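Asker: output the structure for:
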Amino acid sequence: MSNSGLFIDTLKYLYFTRPYNTMKLGLFRIEGLLSRMGNPHSGIKFFHVTGSNGKGSVTTFLEYLTYHHGHSVTGFYSPHLSTILERFHYNTSNIGEDEFVEAANEVRKHAEEMDRLGEEFSPSFFEYMTAMYFYITKMKNVEYGSVEVGLGGRFDSTNVLTPEVSVICTISLEHTNVLGNTVEEIAFEKAGIVKEGKPVVLGMMPEGALNVIKQVAKEKNSKVYEFGKDFVVEPVKYSFNENVYNYYGENTIKNIPVKLNGTHQLYNVGIALKSFELAHKLDEEAVKSAFERAFIPGRFEIVNGVVLDGSHNPQAAEKFAENIELYFPNKSRAGVFGIVDDKDKENVLRAIGPKFDTLIITRPPSKRAQKFQETYEIAKKYCKDVILEPEPLIAVDKLRELKHEAKFVTGSFYLVGYVRDYLVNGRINEELNLGGA
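Answerer: Next up, the predicted model:
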């Protein structure tokens, strides 16, 4: 069987025997799994990043900063956009299919031993991914790891590591069914990544959340560094893919070129630089080359003339609307939009609908997106020209034929990932049709 065939077979095993959307809280399974594997997470210097928003960007920035300062590094991310390989980075690139298969097979031996102990001990999909990440990190013999928390912090399966620095980017009400109904409760869950004697870097957040985290840090003898108090960032200019910022922390670095777009990156740049500064001396040239190259697919990214970005909740939609005005002022705009059924469609479309001259409503490739007709009806309230095209690839082809000056695909990340694959490769790869979403 070809390597690619082995890769698809491995994915089928993971998606269908380790259900993708099943969540298991608690650390005893991942601890047991890693113990059987010889604790591959020990002896590595980790940055550990959580937050309601921004954690993917900060984890990415830290990975690039580490690499451009001359160190080997792995990165761990979730979810992925177009391929599961995006979850595992080595020196800022995705790992290969063969490395993925090797890591999955290694974990499988131990996971299946645990399966025999009963459902409660059977590792979940995310626990399996986490164990694979630590295996890859050990096999690559790297110095550093940059790790994004999957959900929350305290009981997240990444929380078995000992970090150089813990990072909490933002706190807002999200995953309330799991993490709690107030920002204070959510802050307590995220503060679970603060470790004894290890510094913690905080972004902007409500005072109630800040107080909870500070109390936990005090109990753990962890020094706290706050955005706006211990370090700040100021924008010099916003230009698509060529943004510029100044950083003032222990060091001052001016005119940092940042490829990632959006005013919110100001906070992420500062949080990443402060976190890295606590673990390593900053080199100005290395900092600039890291931020100039740091990249996340599908985050206000232009591919073949189409801007791709997720607007799957009201906060993200407001940022998207702000960025459209910032980078594409006074231009005629058309977009393809699709969203899954359990999201706040009304408030997302209220934010972005008026920004478009034409909006094509489609169905994201997810079992959770059946009510596209409902999305269409809501969209008509907020945009004057709305077209319904349930097939996403036909919707994109229609978008590309329009004469508008700026074109976008937004909404669900399932949609953005699917369309990105089509725009880059001219087709949808077999992996995306497996139904892992």
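Asker: how about low-confidence regions in the stretch 1-150 of the chain?
Answerer: 1-2, 19-22 (pLDDT under 70).
Asker: where along it do the strands fall?
Answerer: Shown for the stretch 1-150 of the chain, the strands assigned by DSSP state E, counting those that start in this stretch span residues 45-50, 73-76, 88-90, 93-94, 144-148.
Asker: turn these into TSV, including distance to residue 110 and mean neighbour count.
Answerer: Any C-beta I mention is one placed from the backbone N, CA and C, and that applies to glycine too. Compiled in TSV, the strands of the stretch 1-150 of the chain are given as follows (distance: least, CB to CB, whole Å; neighbours: other CB atoms under 10 Å):
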stretch	distance to residue 110	mean neighbour count
strand 45-50	21	28
strand 73-76	19	28
strand 88-90	18	23
strand 93-94	24	15
strand 144-148	20	28
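Asker: possible to save the ones you listed as a markdown table with distance to residue 204?
Answerer: Output for those, formatted as a markdown table (distance: least, CB to CB, whole Å):
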| stretch | distance to residue 204 |
| --- | --- |
| strand 45-50 | 15 |
| strand 73-76 | 24 |
| strand 88-90 | 27 |
| strand 93-94 | 31 |
| strand 144-148 | 19 |
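Asker: for residue 417, find the nearest of these.
Answerer: Evaluated with CB to CB, those place strand 93-94 nearest to residue 417, the distance being 13.7 Å.
Asker: give me the sheet partners of that closest one and which way each runs.
Answerer: Strand 93-94 has the following strand partners under DSSP bridges: strand 88-90 (antiparallel).
Asker: walk me through the domains of this structure.
Answerer: Per automatic domain parsing, the domain ranges recorded for the chain read 3-293, 299-433.
Asker: measure the longest one end to end?
Answerer: For domain 3-293, the separation between the terminal residues is 30 Å (CA to CA, to the nearest Å).
Asker: make 769 the first number, not 1, from now on.
Answerer: Noted, 769 is the first residue going forward, which turns the last one into domain 771-1061.
Asker: what about the longest helix in the protein?
Answerer: Taking DSSP state H as the criterion, the chain has its longest helix at helix 865-883.
Asker: residues of that one that come out buried?
Answerer: For helix 865-883, burial by neighbour count (16 or more other CB atoms under 10 Å) applies to 865, 867-872, 874-876, 878-879, 882.
Asker: what about the residue nearest to residue 1008 when sequence neighbours are not counted, neighbour count?
Answerer: Closest residue in space to residue 1008, ignoring its immediate chain neighbours: residue 1095 at 4.6 Å, by CB to CB, 6 or more residues apart in numbering. Burial of residue 1095 is recorded as 19 neighbouring residues (other CB atoms under 10 Å).
Asker: and the pLDDT at residue 1095?
Answerer: The predicted structure scores residue 1095 at 96 on the pLDDT scale.
Asker: hmm, it is touching residue 1005, no?
Answerer: No - here residue 1095 does not reach residue 1005: they are 11.6 Å apart, not a contact under CB atoms under 8 Å.
Asker: now whichever strand or helix holds residue 1070, how far from the centre of its chain.
Answerer: Assigned by DSSP states H and E, residue 1070 belongs to strand 1067-1071. Between the mean C-alpha location of strand 1067-1071 and the chain-wide mean there is a distance of 15 Å, by CA atoms, centre = their mean, to the nearest Å.
Asker: residues making contact with that strand?
Answerer: The contact list for strand 1067-1071 (CB atoms under 8 Å, 6 or more residues apart in numbering) reads 824-825, 1008-1009, 1028-1030, 1063, 1075-1078, 1088, 1091, 1095, 1188, 1191-1192.
Asker: those in helices, which ones?
Answerer: Mapping the contacts of strand 1067-1071 onto helices (DSSP H) picks out 824, 825, 1088, 1091, 1095, 1188, 1191, 1192.
Asker: buried among the residues you listed? Need that as a selection in PyMOL.
Answerer: In PyMOL syntax, the buried subset of these is picked out as below (16+ other CB under 10 Å):
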select buried, resi 824+825+1088+1091+1095+1188+1191
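Asker: let me know the closest of the ones in helices among the contacts of strand 1067-1071 to residue 805.
Answerer: residue 824 (26.2 Å).
Asker: how close does residue 1140 sit to residue 917?
Answerer: Counting by CB to CB, to the nearest Å, the gap from residue 1140 to residue 917 is 32 Å.
Asker: for residue 1135, same thing?
Answerer: Taking CB to CB, one finds residue 1135 at 26 Å from residue 917.
Asker: more neighbours, those two?
Answerer: For residue 1135 and residue 917, the more surrounded residue by other CB under 10 Å is residue 917, and the numbers stand at 26 against 12.
Asker: please name the nearest non-neighbouring residue to that one.
Answerer: Nearest non-adjacent residue to residue 917, counting by CB to CB, 6+ apart: residue 818, 3.9 Å away.
Asker: contact partners for that neighbour?
Answerer: Counting by CB under 8 Å, 6+ apart, residue 818 has contacts 916, 917, 920, 921, 924, 934, 935, 936, 937, 958, 961.
Asker: for residue 1201, same thing?
Answerer: Counting by CB under 8 Å, 6+ apart, residue 1201 touches no other residue.
Asker: next: residue 1202.
Answerer: 776, 779, 780, 783.
Asker: Throw those residues into JSON lines and include distance to residue 1166, thanks.
Answerer: Output for these, formatted as JSON lines (distance: CB to CB, whole Å):
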{"residue": "776", "distance to residue 1166": "31"}
{"residue": "779", "distance to residue 1166": "31"}
{"residue": "780", "distance to residue 1166": "33"}
{"residue": "783", "distance to residue 1166": "31"}
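Asker: could I have the buried ones of those residues as PyMOL selection syntax?
Answerer: This is the PyMOL syntax for the buried subset of these, where burial follows 16+ other CB under 10 Å:
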select buried, resi 776+779+783
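Asker: between the contacts of residue 1202, which sits nearest residue 854?
Answerer: Taking CB to CB as the measure, residue 854 sits nearest to residue 779 out of these, at 13.3 Å.
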